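> Fold the following and give me the result.
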Amino acid sequence: MTKRIEGLDAARALAMFGMLIVNFTVITGADTSGQSFLQVFMHLFEGRASATFVILAGIGISLLTKRAYLSKEPALIRDKRTAIQKRALFLFVLGLLLYIVGWTGDILHYYGMYMLIASLCIMLSAKWLFSISAIITVVAQFLQIKYNYLFGWDPQQPLLLYLDFWTPEGFLRNLFFNGYHPILPWISFFLIGMGLGRFDLSSKKIQKSLLIFSISSCILCEGLSRRLQHVSLSFLDNDSAAFLFGTGPIPPNIFYIASNTASSIVIIVLTLQLCEKLANNIIVKTLIHTGQLSLTHYVAHIFIGVSILELLGRSQNQSLAFVLGFTTVYFFITMLLSFIWRRKFSRGPVEWCMRKIA
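Coordinates of the predicted model:
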């Protein structure tokens, strides 16, 4: 059995904090005017937290299937593939149930599809995984340019209400093309994570190489993005320039995938190094426990976090300062509860359910 790399759990916890910031900002309709420092800080998490989550999930699948990949035993490959597909079904159904109860920003049903596709790729080398992810990213941007990316969204509430989600055509369009985390190109993050999982991430040499490459790539990508947007303004409007060359999550174009992959790897590697140096630190241990319960916390923030905001009468028209303060307190309580829970139980409630089923 592959030894668990607990630093990945800590990275998952940090990604969850970023996800909470983004989701609570959207839920409360936080005002983005003024407070320039907060605008910049909060904007950093948009799309990046989710991308980090997906890459970490891909790494996890590689570690889970490492023995099958190395041994190439048909029975073991079949067993691992079946287990992943069962987890995929669990997440897909859970995500759709959350969508039904009103959580239209759900990512879990997309996760289910990523894992289903990933189950067919567990024997591919890192080279093939990276190559396929690059091809998918290019194809996705071609489709974004060729077809109307906002088709299916309510013109009165763009990117807030998907009108035909529950029709076969609308569901598949949202799932593959223009939902919040469409398979094309978000599966690229998952495949990149699987490719990274082929490396010995505990190796300091590999960590150093990944860190240098990712920091350089992120700086280059962000700089090139801004330069191309500026130059293209001579023949494009602002929205079109951002659509093609921006690094924001909508649409998830080539620059978004490249920049967010790089920044995610930086976060993951730095967290691995932090956990190695402070392995016995209580805060680090608590972060690890929190990351190990991330699926439970994702579901909980939809019901508990949103309910608290409603009870406080702060679910609409809030400031960025309030959202940051609320999220920080909520995350601190989440960490505390995770620490207490893991002293008695090895898995969170939702993780336990998935484990029993899969």
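> contact partners of stretch 147-161?
Contact with stretch 147-161 is made by 104, 162-165, 170, 173-174, 177-178, 243, 250-251, as judged by CB atoms under 8 Å, 6 or more residues apart in numbering. All C-beta atoms are positioned from the backbone trio N, CA, C, and that covers glycine.
> out of those, which are buried?
Burial by neighbour count, 16 or more other CB atoms under 10 Å: within the contacts of stretch 147-161 this picks out 162, 170, 173, 174, 177, 178, 243, 250, 251.
> where's the third one relative to residue 116, distance?
If you measure residue 173 against residue 116 using CB to CB, to the nearest Å, the figure is 18 Å.
> mind checking which helix or strand of the protein has the lowest mean pLDDT?
Every helix and strand of the chain was ranked by mean pLDDT, DSSP states H and E. The lowest is helix 36-43, at a mean of 83.
> Check which residues of that helix are buried.
38, 42.
> next one: stretch 73-83
By neighbour count with 16+ other CB under 10 Å, stretch 73-83 contains the buried residues 77, 80, 81.
> Residues contacting that stretch, please?
Outside stretch 73-83, the residues within contact range by CB under 8 Å, 6+ apart are 64, 65, 67, 68, 119, 120, 122, 123, 358.
> Could you identify the most distant pair in those residues?
123 and 358 (19.7 Å; CB to CB).
> Surely residue 241 and residue 229 touch.
Yes. If you go by CB atoms under 8 Å, residue 241 and residue 229 touch, sitting 4.4 Å apart.
> Can you check what pLDDT the model gives the residue of the chain most remote from its centre?
Distance from the centre of the chain peaks at residue 234, with 34.7 Å (CA atoms, centre = their mean). We have a pLDDT of 91 for residue 234.
> Residue 253 versus that one, what's the distance?
Taken as CB to CB, the span from residue 234 to residue 253 is 20 Å.
> Please name the residues that touch residue 215.
262, 266.
> if you set the cut-off to 10 Å instead, what comes out?
262, 263, 265, 266, 269 (CB atoms under 10 Å, 6 or more residues apart in numbering).
> Can you give the distance of the least confident helix or strand of the chain from its chain's centre?
20 Å (CA atoms, centre = their mean, to the nearest Å).
> Can you pull out the residues in contact with it?
18, 21-22, 25, 30-33, 35, 248, 319-321, 323-324, 327.
> Kindly indicate which of those lies nearest residue 273.
residue 18 (19.0 Å).
> Show me what the helix or strand hosting residue 256 is packed up against.
For residue 256, the host element (DSSP states H and E) is helix 254-277. Packing partners of helix 254-277 (3 or more CB pairs under 10 Å, 6 or more residues apart in numbering; DSSP states H and E): helix 6-28, helix 48-64, helix 126-146, helix 183-197, helix 204-232, helix 238-245, helix 282-292.
> Pull out the buried residues from it.
For helix 254-277, by 16+ other CB under 10 Å, it's 254-272, 274-275.
> low-confidence ranges in the chain?
By pLDDT under 70, the weakly predicted segments of the chain are 1-3, 31-34.
> residue nearest the centroid of it?
With distances taken as CA atoms, centre = their mean, residue 50 lies nearest the centre of the chain, 2.3 Å away.
> List the residues that contact that one.
Counted by CB under 10 Å, 6+ apart, residue 50 has contacts 15, 18-19, 22-23, 107, 110, 180-181, 186, 189, 249, 260, 264.
> do residue 101 as well
Going by CB under 10 Å, 6+ apart, residue 101 touches 302, 303.
> ok, residue 168 - how many residues close by?
8 (other CB atoms under 10 Å).
> quick revisit: can you say which of the contacts of stretch 73-83 are buried?
Among the contacts of stretch 73-83, the ones that count as buried by 16+ other CB under 10 Å are 64, 65, 68, 119, 122.
> Quick one: residues contacting the second one.
Which is residue 65. 2, 76-77, 79-81, 83-84, 118-119, 121-123, 194, 197.
> how much space is there between it and residue 259?
Taken as CB to CB, the span from residue 65 to residue 259 is 28 Å.
> And the first one, by the same measure?
For residue 64, the distance to residue 259 (CB to CB) stands at 28 Å.
> Was I right to think residue 209 contacts residue 199?
Yes. Residue 209 is in contact with residue 199 according to CB atoms under 10 Å; the separation is 9.1 Å.
> sorry, back to before: tell me the one among the buried ones among the contacts of stretch 73-83 nearest to residue 301.
Among the buried ones among the contacts of stretch 73-83, residue 64 lies closest to residue 301 (CB to CB), at 25.4 Å.
> so that closest one makes contact with residue 197?
Yes. Assessed by CB under 10 Å, residue 64 is found in contact with residue 197 at 8.8 Å.
> which residues does the residue nearest to residue 293 when sequence neighbours are not counted contact?
Nearest residue to residue 293, sequence neighbours excluded (CB to CB, 6 or more residues apart in numbering): residue 348, at 3.7 Å. Residues in contact with residue 348, defined by CB under 10 Å, 6+ apart, are 289-290, 292-297, 299-300, 337-338, 341-342, 354-355.
> now do residue 285
By CB under 10 Å, 6+ apart, the contact list for residue 285 reads 6, 10, 275, 278, 279, 339, 342.
> quick one: which of those has the most company?
That'd be residue 10 among the contacts of residue 285, by other CB under 10 Å, with 26 neighbours.
> can you tell me how far that residue sits from residue 294?
As judged by CB to CB, residue 10 and residue 294 stand 11 Å apart.
> Nice, that's everything, thank you.
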